[in-house]
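Engineer: attaching a predicted model along with its sequence, questions to come.
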Amino acid sequence: MSTKVLSFKVNNGWDPYMGFEMKKKGKFKRAEEFTKRMKEVHEEAEIVLRKSQEEMRKYANRKRSEPEEYRVGDWMFLSTKDLKFQMKGRHLEKLIE
C-alpha cells in the first residue's frame, strides 16, 4: 500500500497513535497491555508499509532512465506529424525546413 494511510485508520476512522506515557502503573494492567500491543501493531504496520512502498518504488522506476539535458544552441529534430502547416492560407516555411 502506498497510500500512506494505515488500514486501521481506514477501518476505524482514527489513528492508533499512542503518543503518551502511562502515568500510573500497576492499577491499570489491562490498559497497559492494550497500549503496549497497540504500539507494537503500529510499529509492525509501519515497517510493512515502508517495505511495500520501497517495492512499489523499485518496480515503478525499473524502466525509468535519466532525462537528457539540453543546452541553448543544441540541434534537435522536430516531428512535424502533428503540426498544421497552413495558417490563414500561408505555409510556415521555417517549420517546414
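Structural biologist: Okay, I see it. Numbers count the residues shown, from 1 in each chain.

Engineer: and residue 34, what element?
Structural biologist: helix 29-60 (DSSP states H and E).

Engineer: can you name every helix or strand that that helix contacts?
Structural biologist: Applying 3 or more Cβ pairs under 8 Å, 6 or more residues apart in numbering; DSSP states H and E, we find helix 29-60 packed against helix 7-12. Heads up, the C-betas are built off the backbone N, CA and C, glycines and all.

Engineer: re the thing from before, tell me the mean pLDDT over the helix holding residue 34?
Structural biologist: For helix 29-60, the mean pLDDT works out to 90.

Engineer: list the buried residues of that helix.
Structural biologist: In terms of neighbour count (16 or more other Cβ atoms under 10 Å), helix 29-60 has its buried residues at 35, 42, 45, 49.

Engineer: make a markdown table out of these and add distance to residue 61.
Structural biologist: Formatted as a markdown table, the buried residues of helix 29-60 follow (distance: Cβ to Cβ, whole Å):
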| residue | distance to residue 61 |
| --- | --- |
| 35 | 39 |
| 42 | 28 |
| 45 | 24 |
| 49 | 18 |
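
Engineer: out of these, which comes closest to residue 16?
Structural biologist: Distances from residue 16 to the buried residues of helix 29-60, taken as Cβ to Cβ, are shortest for residue 42 (5.2 Å).

Engineer: could you report the pLDDT at residue 82?
Structural biologist: In this model, residue 82 is scored at 68, pLDDT.

Engineer: got it, and residue 16?
Structural biologist: pLDDT, read off for residue 16, is 70.
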